[in-house]
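Novice: Kindly generate the corresponding structure for this input.
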Amino acid sequence: MDRIDLFRVFTRVVECSSFTRAADTLGIPRSSVSAAVQELESRVGARLLHRTTRKVSPTQDGTAFYDRCLRVIADVEDTENLFRQTAAQPSGKLRIDVPGRIGRLIIAPTLPEFLDLYPQIDIDLGVTDRAVNLVEDSVDCVLRVGPLDDSGLIARPIGRLLLINVASPAYLKRHGNPESPDDLGDHWAVNYASPSNGRVEDWEWVEHDALRTMPMRGRVTVNSAEAYIACCLAGLGLIQIPAYDVRIHLDAGELVEVMPSHRAEAMPMTLLYPHRQHLSRRVQVFADWLEALLKRQLLK
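Specialist: Numbers count the residues shown, from 1 in each chain. Next up, the predicted model:
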């Protein structure tokens with residue numbers, strides 16, 4: 001391996017915390033990964049990794065070296081792509097992961113547009129609401145909605161997703177129409193539990209530029225958007241939902257917006273990708289296309 005390849009192997013081991021997983025994502029034998037790291041440690045004259053039977057982690061020298069490697073790799077890829085980006089069409093397979101409802105309702109129906117624009121790119125579309133490890137799962141980029149953890153990934157803000165309060169006509173006929181949060185004590189909600197941690201979300205609204213919250217009573221708790229909307233349609237309570245998610249139900253009169261002056265805070269949408277991919281031409285063109293699509297379809 002040349003020096004840059006050694007850097008790439010080392011950074012992948014750090015990101016995967018495992019020689020085996022790094023080898024799998026790189027498509028090379030584990031023995032080659034181990035040999036590459038040993039050669040690199042011999043070259044620099046320092047121990048770069050702590051090795052245990054359960055986990056691999058960088059030493060203090062390894063952490064500093066990892067950051068330097070990322071910059072060197074980025075510079076090399078930038079130089080290699082200096083003329084190629086304008087001279088050739090982007091090509092190859094692009095693995096992306098997006099939230100379930102956005103993937104099914106917005107992205108999948110519009111993918112032919114992207115594939116016609118870039119006939120040499122193939123898409124591997126993952127549709128899930130679970131957390132994805134981009135490196136271990138060999139994913140090029142993910143779209144996430146909501147606050148982000150400090151993951152060290154490259155983040156591209158897309159916009160903010162409007163949330164609205166809705167109920168079914170049957171629910172409103174039985175319980176009345178809440179005019180403000182002061183009325184919520186007399187109402188029921190379909191409670192939503194986070195799929196990642198099981199925590200039931202409070203009801204939220206913005207008032208005088210401040211975020212307010214309160215727990216809502218509810219007889220049903222769900223952990224998926226489909227069940228959340230279905231229970232609301234069945235008249236089981238109020239919900240807070242992205243506007244695009246229930247647009248067809250609003251247009252059909254199956255759901256009604258309530259308390260439009262007391263909506264929850266809009267949720268940020270962000271495209272994430274790892275350092276190793278931040279110069280990929282196919283990721284760049286997909287990110288540009290996706291941002292334009294979401295602004296056209298969701299951020300109205």
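Novice: Give me the neighbour count for Gln120.
Specialist: Using other Cβ atoms under 10 Å, Gln120 has 11 neighbouring residues. In this view, the C-beta of every residue, glycine as well, is placed from N, C-alpha and C.
Novice: pLDDT at it, what is it?
Specialist: Per-residue confidence (pLDDT) for Gln120: 87.
Novice: Distance of it relative to Asp245?
Specialist: Gln120 sits 33 Å away from Asp245, going by Cβ to Cβ, to the nearest Å.
Novice: same question, Ser34
Specialist: 48 Å.
Novice: So which of the two has more stuff around it?
Specialist: Neighbours were counted for Ser34 and for Asp245 using other Cβ under 10 Å; Asp245 has more, 21 against 17.
Novice: And the more buried one, its phi and psi?
Specialist: Backbone torsions of Asp245, given as degrees, to the nearest 10, read phi -70, psi -30.
Novice: contacting residues for it?
Specialist: Asp245 sits next to 101, 105, 225, 229 when contact means Cβ atoms under 8 Å, 6 or more residues apart in numbering.
Novice: how about low-confidence regions in this structure?
Specialist: 78, 81-88, 129-138, 150-152, 275-279, 300 (pLDDT under 70).
Novice: Would you map the helices across it?
Specialist: Assigned by DSSP state H, the helices in the chain fall at 3-16, 19-26, 30-44, 60-80, 84-87, 100-102, 108-117, 169-175, 225-233, 247-251, 281-297.
Novice: Including distance to Glu204, could those go into CSV?
Specialist: Output for the helices of the chain, formatted as CSV (distance: least, Cβ to Cβ, whole Å):
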stretch, distance to Glu204
helix 3-16, 35
helix 19-26, 38
helix 30-44, 46
helix 60-80, 37
helix 84-87, 43
helix 100-102, 19
helix 108-117, 29
helix 169-175, 19
helix 225-233, 15
helix 247-251, 20
helix 281-297, 22
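Novice: For Thr128, which of those helices is the nearest?
Specialist: helix 100-102 (6.4 Å; Cβ to Cβ).
Novice: packing partners for that closest one?
Specialist: Packed against helix 100-102 by the contact rule (3 or more Cβ pairs under 8 Å, 6 or more residues apart in numbering; DSSP states H and E) you find helix 225-233.
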